[in-house]
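A.B. asks: Turn this into a model:
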Amino acid sequence: MDRVKSLVYAALFAALTAVSAWVVIPLPYVPITLQTFFVMLSGAVLGPYFGALSMIAYLILGSVGLPVFARGQAGLGVLVGPTGGYLIGFVLGAVVSGAIVRMRKNQGTLWYALAMAAGALVIYACGVAQLSVVLHMPIDRAAIVGVLPFIPGDVLKIAAASIVAKRLDGEARR
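C.D. replies: The predicted structure is shown next:
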């Protein structure tokens with residue numbers, strides 16, 4: 001993929017992540033959204049560099065006031081609030097999933113799923129850490145409220161995203 005095309009795809013993934021923030025299941029501390037689907041997909045499809053760039057662009061859009069975060073929120077306050085760690089984790093999650101996918105090209109869907117699961121773990125770690133600090137919550141309690149409710153949905157999102165990524169990867173080789 002050439003650089004210009006990669007930049008266009010990075011912008012597209014930033015936009016898709018923004019739109020997916022509007023698909024919300026509200027929970028007390030952290031809402032469930034469709035965002036992680038596109039975060040993991042961006043890393044797997046674009047690689048670690050452009051996947052991270054797409055998530056940085058997304059964070060910049062929200063930071064300057066566009067309502068692209070979950071529940072239509074925006075601003076730097078969201079990044080330093082209880083859910084900000086997850087958002088920052090999007091950048092690192094895309095890097096991790098993209099780097100793992102790139103370690104072994106031409107692998108099966110399971111490899112993509114494992115790479116995306118590793119990226120999701122990074123997002124969880126960043127999110128739980130900030131949730132714990134901001135809400136003065138013990139880390140184990142933060143993990144219970146900030147990870148457990150998301151596992152079933154993330155398993156489904158990772159399964160779907162890994163199928164899409166493998167398919168896109170196959171199309172790119174033709």
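A.B. asks: any idea of the pLDDT on the closest residue to Leu168 other than its chain neighbours?
C.D. replies: Sequence neighbours aside, Val45 is the residue nearest to Leu168 in space, at 5.4 Å (criterion: CB to CB, 6 or more residues apart in numbering). Placement of C-beta: from N, CA and C, glycine included. If you check Val45, the pLDDT there is 94.
A.B. asks: Number of residues surrounding Val45?
C.D. replies: Val45: 27 surrounding residues under other CB atoms under 10 Å.
A.B. asks: middle-most residue in this structure, spatially?
C.D. replies: Nearest to the geometric centre of the chain sits Val39, at 3.0 Å (CA atoms, centre = their mean).
A.B. asks: pretty sure it contacts Val95?
C.D. replies: No. Between Val39 and Val95 there is no contact under CB atoms under 8 Å: 10.4 Å.
A.B. asks: Common neighbours of these two, please.
C.D. replies: Gly119 (CB atoms under 8 Å, 6 or more residues apart in numbering).
A.B. asks: rewinding a little: show me what contacts the residue nearest to Leu168?
C.D. replies: Val45 sits next to Tyr9, Phe13, Gly51, Ala165, Leu168, Asp169 when contact means CB under 8 Å, 6+ apart.
A.B. asks: Give me the buried positions along whichever strand or helix holds the first one.
C.D. replies: Read that as Tyr9. Assigned by DSSP states H and E, Tyr9 falls within helix 3-20. For helix 3-20, a neighbour-count test (16 or more other CB atoms under 10 Å) marks Ser6, Leu7, Tyr9, Ala10, Phe13, Ala14, Ala15, Leu16, Thr17, Ala18, Ser20 as buried.
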